[in-house]
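K.L.:
Test case, fold it:
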Amino acid sequence: MVPASLGYIKSGRLRALAVTTAARQEVLPDVPAMSEFLPGFAAVGWYGIAVPKNTPPEIVDFLNKEINDALHDPEIKKRLAELGVGPGGGSPSDFAAFIAAETERWSKVVSFAGTKAN
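P.N.:
All right, here's what the predicted structure looks like:
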């Protein structure tokens, strides 16, 4: 993950071979994206905020609006970019669809690898 390794890369203590995002990272413009070698490849870490299932819709809408507003704040965008993090945002249904897609995608990888929980 770029945020965890950025300091090491910038100091020269770690050599980045590629980033796993779909495109090069602004904070590491000389480091190629894996998709340049493997078209369509992308594997990114992400963060999200969830609430209990029966949270009233007006609370979900309020939180969603405030979070999206924060992600569009120039200072927050700047700080996230410095860390190599791209802000997402969107609607609760966008996030639910993203989680479903990621679950399906990575469950195939786990199944193919024969990975089992201990």
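K.L.:
Buried residues, the least confident helix or strand in the chain by mean pLDDT. List them.
P.N.:
The weakest-scoring helix or strand in the chain, judged by mean pLDDT, DSSP states H and E, is helix 2-11 (a mean of 86). In terms of neighbour count (16 or more other CB atoms under 10 Å), helix 2-11 has its buried residues at V2, L6, I9. Heads up, the C-betas are built off the backbone N, CA and C, glycines and all.
K.L.:
Excluding chain neighbours, give the residue nearest to the residue positioned nearest the centre of the chain in space.
P.N.:
Residue closest to the average C-alpha location in the chain (CA atoms, centre = their mean): W46, at 3.1 Å. Among residues not flanking W46 along the chain, G88 sits closest, at 6.9 Å (CB to CB, 6 or more residues apart in numbering).
K.L.:
Could you measure from the one you found over to P29?
P.N.:
The spacing between G88 and P29, counted by CB to CB, to the nearest Å, is 21 Å.
K.L.:
quick one, which of these two is more surrounded?
P.N.:
Comparing G88 with P29 by other CB atoms under 10 Å, the one with more neighbours is G88, at 15 against 8.
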